[in-house]
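sequence unknown, structure follows:
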């Protein structure tokens, strides 16, 4: 049985990944909504829920201290926590900008500061950052989200090189439109939303479980020769 840490494990892609991994592994899920965390972990002894507001970057060290105290050395990390803001640049809000970049990319960098240390992770471990196709499709109103995910992509490439000697793989998954609550701003602001999805993704919305399929592969020994990759899930759109 291996040990995994999943951020944003109380909903959406993070929940799907955590539940998949917990079938045969120990999984620590992070989130700031205690009730939803407990709902995910309830009835599954392989899931440990840890309430943590990742926006407060100083809290991240406590997560790894907890792992060490529990005798848990990590075999993998999946950073799924993320937020999206759909606004044109003319309506940019400084507080929104800080929050988007903090959660989407600064948290990942700080997580990796600790995960990269031998006392917290095993050699041969695997890391996944949840990026987005928005980083390279340049959708109107998504400059903050796209830029934050573009930063994550660059981090993945650099950190993958830094951890080669420990044979730790670092990859990113870049989904298109996934059927989660993050889509709410689009549903509310985009006219003819269903038509837009059909045009952008001929095969329809991606389900969180389909992203979990790829995550499971990237965390497994079957992907042991893959690192520094930015892997798209496009829902039928050829890019």
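Okay, I see it. Note that this is a predicted model, so its numbers are computed, not measured.

rest of the way, CA atoms for contacts and neighbours
Noted.

residues contacting the closest residue to residue 185 other than its chain neighbours?
The shortest distance from residue 185 to any non-neighbouring residue, by Cα to Cα, 6 or more residues apart in numbering, is to residue 86 (6.2 Å). Neighbouring residues of residue 86 by Cα atoms under 8 Å, 6 or more residues apart in numbering: 141-142, 145, 185-186.

can you pull out the helices in the chain?
Secondary structure of the chain (DSSP state H): helices at 12-21, 34-41, 60-69, 94-101, 107-115, 134-137, 143-162, 184-189, 193-200, 208-219.

which of these sits closest to residue 2?
Residue 2 sits nearest to helix 12-21 of all these, at 9.2 Å, using Cα to Cα.

how about residues contacting that closest one?
With Cα under 8 Å, 6+ apart, helix 12-21 has contacts from 4, 6-9, 27, 29, 40, 47, 78-81, 179-181, 208-209, 211-212, 215-216.

where among the helices of the chain is average confidence lowest?
Note on the helices of the chain: helix 184-189 shows the lowest mean pLDDT, a mean of 74.

what comes up buried for that helix?
Under the neighbour-count criterion of 16 or more other Cα atoms under 10 Å, helix 184-189 has residue 186 buried.

pull the residues that contact it.
Contacts of helix 184-189 (Cα under 8 Å, 6+ apart): 85-86, 193.

next one: it to chain centre, how far?
Distance of helix 184-189 from the chain centroid (Cα atoms, centre = their mean, to the nearest Å) equals 21 Å.

first to last residue in stretch 128-138, what's the distance?
Length of stretch 128-138, first residue to last, Cα to Cα, to the nearest Å: 23 Å.

centre-most residue in this protein?
residue 80 (2.1 Å; Cα atoms, centre = their mean).

got the phi and psi for it?
phi -100, psi -20 (degrees, to the nearest 10).

circling back to that earlier point, which one of the contacts of residue 86 is nearest to residue 111?
Distances from residue 111 to those, taken by Cα to Cα, are shortest for residue 145, at 19.5 Å.

residue 82 is in contact with that closest one, correct?
No. Assessed by Cα atoms under 8 Å, residue 145 is found out of contact with residue 82, at 9.3 Å.

now do the shared contacts for those two.
residue 100.

between those two, tell me which one has more neighbours.
Neighbour tally, residue 145 and residue 82, criterion other Cα atoms under 10 Å: the higher count belongs to residue 145, 26 against 22.

skip the chain neighbours and tell me the closest residue to that one.
Residue 145 sits nearest to residue 84 (Cα to Cα, 6+ apart), 5.7 Å away.

run a quick neighbour tally on the one you found.
21.

these two touch, right, it and residue 100?
Yes. Contact criterion Cα under 8 Å: residue 84 and residue 100 qualify, at 6.8 Å.

so what sits against both of the two?
residue 145.

make a markdown table from the helices of the chain and add distance to residue 239 to it.
Output for the helices of the chain, formatted as a markdown table (distance: least, Cα to Cα, whole Å):
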| stretch | distance to residue 239 |
| --- | --- |
| helix 12-21 | 23 |
| helix 34-41 | 35 |
| helix 60-69 | 36 |
| helix 94-101 | 26 |
| helix 107-115 | 26 |
| helix 134-137 | 9 |
| helix 143-162 | 16 |
| helix 184-189 | 21 |
| helix 193-200 | 11 |
| helix 208-219 | 18 |
